[in-house]
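J.: structure here, sequence nowhere to be found:
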């Protein structure tokens, strides 16, 4: 971060299985990984992304684009933009911060996320 003059007090770069271990919130998350990994992490990403926070997903094969969009929207995100280059797609979404009665985040009403994720993971191209 020093090489790029990035203030480490303002930004943090972490690698590994991030979301399961994180208990704080972020206003921006970027994930450049395969579709099946994005789908597996979305529930936790939704938990750690602030209301109105932005998620950028890339590394998605073009034929899997709609699977990711559907899963992101099902978790309360508004799709802001999609971009494609060759066979790769990036998707940008803003978390709409759907709240439950005690201020805890809940999934929006709609199709069951786990069943949808399982069905989509069986259909997606993983290379």
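T.: Everything's here; your move. Nothing here was measured: the structure is a model prediction, and the numbers come from that model.
J.: so where's the protein uncertain?
T.: 1-2, 12-20, 97-127 (pLDDT under 70).
J.: go through it and flag its longest helix.
T.: helix 35-48 (DSSP state H).
J.: next, the nearest residue to residue 35 once chain neighbours are set aside: phi, psi?
T.: In space, and not counting its chain neighbours, residue 35 is closest to residue 64: 4.1 Å by Cβ to Cβ, 6 or more residues apart in numbering. Quick note: C-beta positions are derived from backbone N, CA and C, even for glycine. Here is the backbone geometry of residue 64 (degrees, to the nearest 10): phi -100, psi 0.
J.: burial count for residue 64?
T.: 20 (other Cβ atoms under 10 Å).
J.: ok, back up a step: tell me which residues of whatever helix or strand comes next after the longest helix of the chain come out buried.
T.: As assigned by DSSP states H and E, the chain's next helix or strand after helix 35-48 is strand 49-61. Using 16 or more other Cβ atoms under 10 Å as the test for burial, strand 49-61 gives 49, 53-58, 60-61.
J.: need the max-distance pair from those residues.
T.: 53 and 61 (25.2 Å; Cβ to Cβ).
J.: what about the helices in the protein?
T.: 35-48, 65-74, 113-123.
J.: so residue 90 sits against residue 80, correct?
T.: No. With contact defined as Cβ atoms under 8 Å, residue 90 does not count as touching residue 80 (11.1 Å).
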